[in-house]
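Participant: Sequence and predicted structure, then a few things I'm wondering about:
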Amino acid sequence: MLNNKSILITGGTGSLGKHLTKTILKKWPNTKRLVIFSRDEQKQFQMAQEFPNEKYPNIRYFIGDVRDKERLLRAMEGIDVVIHAAAMKHVHIAEYNPSECILTNIKGAENVIHASLEKGITDVVALSTDKACAPINLYGATKLVSDKLFVAANNIKGSKNIKFSVVRYGNVMGSNGSVIPFFMSHKKKGYLPITDPEMTRFNISLDDGVAMVLHALENAWGGEIFIPKIPSYKILDIANAIAPDLEHRTIGIRPGEKLHEEMIAESDSFYTYDLGKYYTILPSVTNWNLTDFIQKFNAKIVSKGFKYNSDTNTEWDTVEGLRDLIIKHIDSDFSI
């Protein structure tokens, strides 16, 4: 799928960007070029030690910011595929720095869209978050706007051969700033801080997050928001999986946090289809035939009023299951 293609990953030095890089280089070693676009020179330096040019001559490291359209245009020269992973993502930080979050997550999205249109890109996949569904915080609100921009971009492409789609998922295990590595590092203090004992979250591994991006690249018709069918976990189960004998101290929900997350709101049910492994929210206006889409993917519309929430999910990770996942995806030497 990606052999002989040139790919650019914005935010390419982040957790998912690095895992995408590893997967692409392994599965498609004959990619023409893989451009890692990010603004953090230290992370690029560190990533270059892991993926050196001597071993991977098709990889390029490009310092830049999605807020800077001119830099994006330069970076997209000769690119076929764009994976947009750059974002300002920490909820409580966005609450205190709203203008910065808007510039990166909304203006940055617009810049990626228009640069892609100008440079003849064929496929664009944007990464989203469960926090974009019925948002109560600024980060979620900016990502909802970003999702809308990427979906609507299919309506302004004219005759250009380009498709824009979105992938939306929950907490990524082991990603920068996520709860599992935080608890693992905090347990040496003798207790674990719990925001709220009732809190739940969706859970997805980096492997499954990458697989979803690749699914969108291969199957998107343009305008879809793809959503995985994944388990939920209870915050107390994560704490007990990592350190079952430690004290829990309830510290209260942080600014902008939800008690539970959702990925499909009830109002989305009119446009949501079950594809088997994934759900997809289709745009209200498409430039392709819906009947053809349904037949191609055996898509089935969900029931009216359907919603997909972390607290009413039918699939749950257990304490033992979470320990196995930590060993598999985060720390092979983990023990309690």
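Facilitator: In hand now; what should we look at?
Participant: Secondary structure element holding Ser157?
Facilitator: For residue 157 the amino acid is Lys, not Ser. Following DSSP states H and E, there is no helix or strand that holds Lys157.
Participant: Leaving out the residues flanking it, which one is nearest to it?
Facilitator: Spatially, and ignoring its direct neighbours in sequence, Lys157 is nearest to Leu117 (6.4 Å; CB to CB, 6 or more residues apart in numbering). All C-beta atoms are positioned from the backbone trio N, CA, C, and that covers glycine.
Participant: Closest to the centroid, which residue in this protein?
Facilitator: Leu127 (4.0 Å; CA atoms, centre = their mean).
Participant: Show the contacting residues for that one.
Facilitator: Counting by CB atoms under 8 Å, 6 or more residues apart in numbering, Leu127 makes contact with 16, 83-85, 87, 166-167, 213.
Participant: that older thread, is it true that the residue nearest to Lys157 lies in a helix?
Facilitator: Yes - under DSSP: H, G, I helix; E, B strand; the rest coil, Leu117 sits within a helix.
Participant: hmm, back to that, per-residue pLDDT, the residue nearest to the centre of the chain?
Facilitator: At Leu127, the model reports a pLDDT of 98.
Participant: What residues are bridge-paired with it?
Facilitator: Counting by DSSP bridges, Leu127 is bridged to Val167.
Participant: Please report how far it lies from Asn176.
Facilitator: 14 Å (CB to CB, to the nearest Å).
Participant: For Ala132, the count of nearby residues, please.
Facilitator: Residues near Ala132, counting by other CB atoms under 10 Å, number 23.
Participant: ok now do it, which residues does it touch?
Facilitator: Ala132 makes contact with 140, 143-144, 146-147, 168, according to CB under 8 Å, 6+ apart.
Participant: Take these and keep only those in helices.
Facilitator: Per DSSP state H, helices hold the following members of the contacts of Ala132: 140, 143-144, 146-147.
Participant: picking up where we left off before, closest to Asn313 among the contacts of Leu127?
Facilitator: Within the contacts of Leu127, distances to Asn313 taken as CB to CB reach their minimum at Val167, with 18.6 Å.
Participant: Tyr279 against Ile301, yeah?
Facilitator: No - distance between Tyr279 and Ile301: 10.5 Å, which falls outside the contact criterion (CB atoms under 8 Å).
Participant: which of these two has more neighbours?
Facilitator: Counted by other CB under 10 Å, Tyr279 and Ile301 do not tie: Tyr279 has more neighbours, with 23 against 14.
Participant: Which strand or helix spans the more buried one?
Facilitator: According to DSSP H and E, Tyr279 maps onto strand 278-281.
Participant: And Ile227, by the same measure?
Facilitator: strand 225-228.
Participant: and that strand, average pLDDT?
Facilitator: Strand 225-228 shows a mean pLDDT of 98.
Participant: so where do the helices sit in the stretch 151-300 of the chain?
Facilitator: Taking DSSP state H, counting those that start in this stretch as the criterion, the stretch 151-300 of the chain contains helices spanning 179-186, 206-219, 235-242, 290-297.
Participant: Out of those, which one sits most buried?
Facilitator: Most buried of the helices of the stretch 151-300 of the chain by mean neighbour count (mean count of other CB atoms under 10 Å) is helix 235-242; its value is a mean of 21.
Participant: how far out from the middle of the chain is it?
Facilitator: Helix 235-242 sits 23 Å away from the centroid of its parent chain (CA atoms, centre = their mean, to the nearest Å).
Participant: before we move on, what about stretch 192-205?
Facilitator: 18 Å.
Participant: Next, the distance between the ends of that stretch.
Facilitator: One end of stretch 192-205 to the other measures 23 Å (CA to CA, to the nearest Å).
Participant: cool, and stretch 173-193?
Facilitator: 18 Å.
Participant: How about residues contacting it?
Facilitator: Residues outside stretch 173-193 that contact it (CB under 8 Å, 6+ apart) are 14-16, 89-90, 171-172, 201, 203-206, 235, 238-239, 242-243, 246-249, 251, 325-326, 329-331, 334.
Participant: Tell me the buried residues within these.
Facilitator: The neighbour-count test (16 or more other CB atoms under 10 Å) applied to the contacts of stretch 173-193 identifies 14-16, 89-90, 171-172, 201, 203-206, 235, 238-239, 242-243, 246, 325-326, 329-330, 334 as buried.
Participant: So which of the residues you listed are in strands?
Facilitator: Of those, the ones assigned to strands by DSSP state E are 171-172, 201, 203-204.
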